[in-house]
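Engineer: only geometry, no sequence info:
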C-alpha cells in the first residue's frame, strides 16, 4: 500500500474507502514524500532532500542538485518447480536526478524484499 504526500499537506492513498487509486493519479509536480507500507513497516523517500526513512532511521545521500523524480516499481518473480513453486515480490523505491552536460544522471533506489534484507542501488 502506498501514500503520496503533497507540498500543502494533502495526501493521496492507494486505497481510500472503497476506491483504489492508480499510481498515475499522483501529481508528481506537488509530491514531496512517497511512502509504502509493507509487513507493518513504513518506508519513505523525500523528494525535497533525497533522504530515505525506514521506520525511524533516516538515510541520506549526497546529490548534485535538488530536482528529484520519484522511482517506484515492484517485481514479482515466479518460481516453478515440482513442489508447485511460488512467487516473491520486491519493491523498488527511490529517486532520479536527470543529468546534463555538466552533471551525470543519478539514481538511488531502495530494494525492499519481503523475505530478505533491504539493499540500495546507487547509480
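Structural biologist: Nice, thanks for sending it over. Since the structure is predicted, the reported quantities are computational estimates derived from the model, not experimental observations.
Engineer: in the protein, which residue is closest to the centre?
Structural biologist: For the chain, residue 93 is the residue whose C-alpha lies nearest the centre (Cα atoms, centre = their mean; 2.3 Å).
Engineer: Buried residues in the helix or strand hosting it, which are they?
Structural biologist: For residue 93, the enclosing helix or strand under DSSP states H and E is strand 86-97. The neighbour-count check on strand 86-97 (16 or more other Cβ atoms under 10 Å) flags 90, 91, 93, 94, 95, 96, 97 as buried. The way it works is simple: take the backbone N, C-alpha and C, and place the C-beta from them, glycine included.
Engineer: same thing with stretch 46-57?
Structural biologist: 46, 47, 50, 51, 52, 53.
Engineer: was I right about residue 42 contacting residue 34?
Structural biologist: No: with contact defined as Cβ atoms under 8 Å, residue 42 and residue 34 do not form a contacting pair (11.3 Å).
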